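>>> Using only what follows, build the 3D model:
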Amino acid sequence: MPLQPTASFGPIIGSPTTLVRTAGRRARLSERLTQLWYGLVADSAREAEHGHLFHFVPVFLGAGAVTWFSLARPPPTSVLAGLLAALLFLLLAVATARPGLRRMLACVVLSVAGMVLAAIETGRLGTTILDSGVTTIVTGIVERREAGANGEWRYEIRLTATAEPRLKRPPERISILARGANRPALLGEAIRGRARLSPPSGPALPGLNDFAFASYFNEVGAVGFFLGPPKAGAAGVASNEGFWETADRMLFSLRDRISTRIRTQLAGDPGAFAASIITGERRSMSNGATEALRLSGLAHITAISGLNMALAAGIFFVGLRKILSLLPGLAQTMPIKKFAAFGALAAAFAYLLISGYQVSAVRAFLMTAIMLVAVLFDRPAISLRNLALAAIVILVVSPSAVMGPSFQMSFAATAGLIAGYAAWRNRPRKFSLPFAIPGLSLLAAGGKILGGTFATSLIGGLSTAAFAVSHFHRLAPHSLEANLVAMPIISILVMPAGLVAMLLMPLGLDGPFLWVMGQGLEWVIAIAEWIAGWDDAIRFSRLPDWFLPLTSLGLLMLTLLRSRLRQAASFLLGASLLAVLIAPLPPVADLYVAEDGRLVGMWAEPGLLATNRVRPASFIFDQWQSALGFSSHEPPVFLDKAGDKQPSGQATQEQDGLKAARAVLAPAKARPQFSEADLEDGERRMKAALAKASGSRFTCNGKSWCVAVLKDGWTIAAVEEPALVGAACDSADIVISARRTGFQRCLSGAHLFTAETLRQTGALEMTLGNRRDRALSVTSAIERGANRPWTVHRLYDWRTERFVFPPTEDEPALRSDEKGGFDDPPSLQW
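Numbers count the residues shown, from 1 in each chain. Below you'll find the model as predicted:
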């Protein structure tokens, strides 16, 4: 007899009624998924019919390049090339297969092609980066120069010789700062002087901007400054210039003369501002004006970007077309629009040449040139297809540009503006008034200008917000208001006056127009300073690694697609923002160490970072503050001769800030000798200082060492004097040495990080574990074992003239006598 459902328990599982209901749910779910799939296929086909899928060609090329640059150990170029050939053959083989499969395979082919292009560019450059800091006599040829705000000059020099000491692995080009009253060196002239050179800085913290990457692709292998005024016109230096080098020098000489004339005609920040707009030289503007432009959201004006190029070409195009239209015979018989487009193209190319063809200027020119060429062939000038073509050209020629915020923000803003313009053009039209109102046309024209400026600023700001937050960790809260007030001045007054001044400069008639340009820029600077005083920039701490890729994908889908697939972009953007707002922040580290070991930071309390420096180096500290989001800094306290604490005063600030610079200029002195009693006394004082430490700040003994107590009783010692590293090992759990030491491990079991190990790993973040086991989790800015061309200089040993590779996860047992590596304590987790 079959079981019957009871009143108390209801139908049992597996009853016919339940099975029917379950089967019905499954059928409905399967039907909905099938409809969704066919809807996606139909929308994809609709996008393909309109040619919208072509917009994603640079997206997948760029994704492949980003992947290759992000890998610590990418596949060999030969393997990637073979894979690309196989995929291309497979793509041709399935050319008549289903369209969906063909499109997916094409995306993979483009991504692999992006990786191949990135590998080719990296191998083609082969920039040699200086391995470690050195003071030497440099001799070279000046290829670039740029004036600073305080009379200094920044030179880019092609290095021809070094002496005292002679570098065994010298870089090809260096960027160097010169101060002094001597005559500045001219382009193409030889220059010689004693200089302090350093490798380009790595990331200030793991995940932040790697300046060595940009220097590698800019072909600059070292940065530094002259110790005293250099001598220009050094004898015995051969230039060995070819045709292209001579043409390049002549162009940069012309650019230099234009910048000098502008700064001569317009003194102060307006002249520097005008030079930055016309020639791209931005170093001569004062720090106050530069910071005001950043805080107000107007700093984009100083870069030769799409805005400047579009305004210059657009003004020339409209002006030339109006002039040609005044000739009725020509206007009625000839295509004056195409003549104007060709003239604007020539003007944009001239603008590119005098701007020094920087990356941002080249990108802006390509975008403008493609749009003007479209006019010549009676095609739409402003379209996403033209933008995609410009992006493809840049990614083929210079794939490394995709890693920079300039490329990302420029194309994001342009794509957003084009999509917004298309949406506005396709909006439903409202009826017009049946009667005329006096002055309405003038009011409407003003409204269009104001509305266009508002829409441009709003769309541009929203399109680039995610990139600004991810790269710079801050947003200008009033950039919309600043652009609304300043951009009409730039568009109507500054750029037209600057264009006319450039045309009349060969005749010497540029003075009045440069004056008009300077007046407009004075107003812009005043607006920037006024709005910058309203509020500080909105700061953001580091966001999760997935935030920028997801928001970028959402923005791309929102701007490049036209079907219902855009609805997924809105969901993706909303989900990303919601996840960032409600998801718990990743745990912050307990200890931070700069890559040179001189700056060490710990949390005194939430929002307050304590360091071992009274006045930390601003270049590193400002990046820490932006990324970590702390609001204030806790300086160390200093011990007097009796071992008692004393507050850090002005004398200590001078010792901390100026003594190092004076030591570089002073003659070399023998290092102090420490007796056994000195070392014992140093260890005693360290332990006494740790016993009295408050746990919220460092305690320092001059510049020799600093100690602190971290959470759970962990202790740290930051040591400047190598002879005291052994004493620090016996006193603290973590030892940071800013100099090389004769050993790589503490016999006491303390964790030791020296200048040599930090040079290989870059900046560190440490999370403290169980103190009893001395468990320590370390995140390094440079992945262990990575030998990318822009990081491999960290592994070069100038004494043995060979590269020294540390152990990796695949080779954990390497010892220093086998490969020059170093052993790790068993509890150290990388």
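>>> Mind listing what's buried along stretch 576-589?
When neighbours are counted by 16 or more other CB atoms under 10 Å, the buried residues of stretch 576-589 are found to be 576, 580, 589. To be clear about C-beta, it is placed using only N, CA and C from the backbone, and glycine gets the same treatment.
>>> repeat for stretch 145-163
Buried-residue list, stretch 145-163, by 16+ other CB under 10 Å: 145-149, 152-162.
>>> Return stretch 462-480 as CSV; C-alpha atoms alone will do.
C-alpha atoms of stretch 462-480 as CSV (Å, rounded to 0.1, in the frame of the first residue of the first chain):
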residue,chain,number,x,y,z
LEU,A,462,32.9,61.1,-14.3
SER,A,463,34.8,59.2,-17.0
THR,A,464,38.2,59.7,-15.4
ALA,A,465,37.2,59.5,-11.7
ALA,A,466,38.0,55.8,-11.3
PHE,A,467,41.4,56.3,-12.8
ALA,A,468,42.2,59.4,-10.8
VAL,A,469,41.3,57.6,-7.5
SER,A,470,43.2,54.4,-8.4
HIS,A,471,46.4,56.2,-9.6
PHE,A,472,46.5,59.4,-7.5
HIS,A,473,44.3,58.5,-4.6
ARG,A,474,42.5,61.8,-4.6
LEU,A,475,39.8,63.8,-6.4
ALA,A,476,39.4,67.5,-6.8
PRO,A,477,35.9,68.2,-5.2
HIS,A,478,35.2,71.4,-7.1
SER,A,479,36.7,70.6,-10.5
LEU,A,480,33.3,71.0,-12.1
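>>> Now do the buried residues in it.
Those would be 463-480, for stretch 462-480 by 16+ other CB under 10 Å.
>>> quick one: which of the residues you listed sit in helices?
463-472, 479-480 (DSSP state H).
>>> Helices of the stretch 301-450 of the chain, start to end?
306-325, 328-333, 336-354, 359-376, 384-397, 405-425, 440-472 (DSSP state H, counting those that start in this stretch).
>>> I'd like the ones you listed written out as a markdown table, with mean pLDDT added.
Formatted as a markdown table, the helices of the stretch 301-450 of the chain follow (pLDDT from 0 to 100):
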| stretch | mean pLDDT |
| --- | --- |
| helix 306-325 | 85 |
| helix 328-333 | 82 |
| helix 336-354 | 89 |
| helix 359-376 | 83 |
| helix 384-397 | 88 |
| helix 405-425 | 83 |
| helix 440-472 | 78 |
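>>> so which of those gets nearest L628?
Between L628 and the helices of the stretch 301-450 of the chain, the shortest gap by CB to CB is with helix 440-472, which sits at 14.0 Å.
>>> elements contacting that closest one?
Applying 3 or more CB pairs under 8 Å, 6 or more residues apart in numbering; DSSP states H and E, we find helix 440-472 packed against helix 405-425, strand 474-475, helix 479-489, helix 547-560.
>>> nearest to F638, of those?
strand 474-475 (33.2 Å).
>>> Quick one: list the elements packing against the closest one.
On the basis of 3+ CB pairs under 8 Å, 6+ apart, strand 474-475 makes packing contacts with helix 440-472, strand 538-539.
>>> got TSV for the ones you listed, with distance to F225 too?
What follows is the helices and strands packed on strand 474-475, written out as TSV (distance: least, CB to CB, whole Å):
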stretch	distance to F225
helix 440-472	26
strand 538-539	30
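>>> from the buried residues of stretch 145-163, which ones fall inside strands?
Judged by DSSP state E, the subset of those located in strands is 145-147, 153-162.
>>> nearest to R124, of those residues?
R158 (18.0 Å).
>>> Just the local confidence number for that closest one, please.
Here, the pLDDT recorded for R158 equals 92.
>>> Go ahead and list the helix or strand containing F630.
Counting by DSSP states H and E, there is no helix or strand that carries F630.
>>> Please disregard the earlier target; I meant I137.
strand 134-147.
>>> who does that strand pair up with?
strand 153-163 (antiparallel), strand 190-198 (antiparallel) (DSSP bridges).
>>> how about TSV for these, with distance to A717 added?
Formatted as TSV, the strands paired with strand 134-147 follow (distance: least, CB to CB, whole Å):
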stretch	distance to A717
strand 153-163	36
strand 190-198	26
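>>> Out of those, the one nearest A412 is which?
It's strand 153-163; of the strands paired with strand 134-147, that one is closest to A412 (CB to CB) at 29.8 Å.
>>> Mind listing residues that contact that closest one?
136-148, 170-178, 184-185, 190-191, 220, 237-238, 283 (CB atoms under 8 Å, 6 or more residues apart in numbering).
>>> And these, which of them are buried?
Judged by 16+ other CB under 10 Å, buried ones among the contacts of strand 153-163: 136-148, 170-178, 184-185, 190-191, 220, 237, 283.
>>> Tell me the spacing between R282 and A272.
The gap separating R282 from A272 is 8 Å, by CB to CB, to the nearest Å.
>>> more neighbours, these two?
A272 (28 against 17; other CB atoms under 10 Å).
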